[in-house]
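1. pasting the structure only:
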């Protein structure tokens with residue numbers, strides 16, 4: 001009787017654990033899971049900030065400061081990452097312009113590099129075991 005109860009409890013625990021582990025491994029695993037998740041959040045927050053263009057001068061100063069703060073998060077993430085994710089984040093940070101407005105200029109080379117480098121980070125994250133979804137950066141083309 002005790003053996004059947006123990007077997008049933010062990011089986012239930014196994015099924016519970018198996019269910020939990022499959023849910024988490026579908027989205028974030030690998031050595032850089034936390035960094036990749038943080039990168040995606042920072043990237044998408046940055047895109048939202050860029051798209052929220054202010055209409056007055058006071059708003060422009062706050063907007064510029066908010067963009068700079070968002071971009072600085074990529075530096076912190078590159079310092080925490082390892083392997084190919086670190087390399088991709090380091091390249092993204094190295095290619096950022098001194099003035100975030102350059103990213104949004106029409107036909108901006110730095111804006112295109114930002115998009116390409118962000119996609120490279122996402123690919124490195126996926127290869128490491130963490131799939132991330134990045135919002136589309138608004139590139140102005142003429």
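-> Alright, I've got the coordinates. Predicted model, so just to flag it, every value in this text is computed and none were measured. Numbering: from 1, shown residues only.

2. run through the chain and note the low-pLDDT ranges.
-> Within the chain, the ranges that satisfy pLDDT under 70 run 1-29, 142.

3. which stretches of it form helices?
-> Assigned helices in the chain, in chain order: 2-25, 33-51, 57-80, 83-94, 109-128 (criterion: DSSP state H).

4. which ones are touching the residue most central in space within the chain?
-> Centrality entry for the chain: nearest residue to the mean C-alpha point is residue 40, 1.8 Å, by C-alpha atoms, centre = their mean. By C-beta atoms under 8 Å, 6 or more residues apart in numbering, the residues touching residue 40 are 122, 125, 132-134. In short, each C-beta sits where N, CA and C put it, glycine included.

5. just residue 110 next, same as before
-> 95-97, 102-103 are the contacts of residue 110 under C-beta under 8 Å, 6+ apart.

6. from those, list just the buried residues.
-> 96-97, 103 (16 or more other C-beta atoms under 10 Å).
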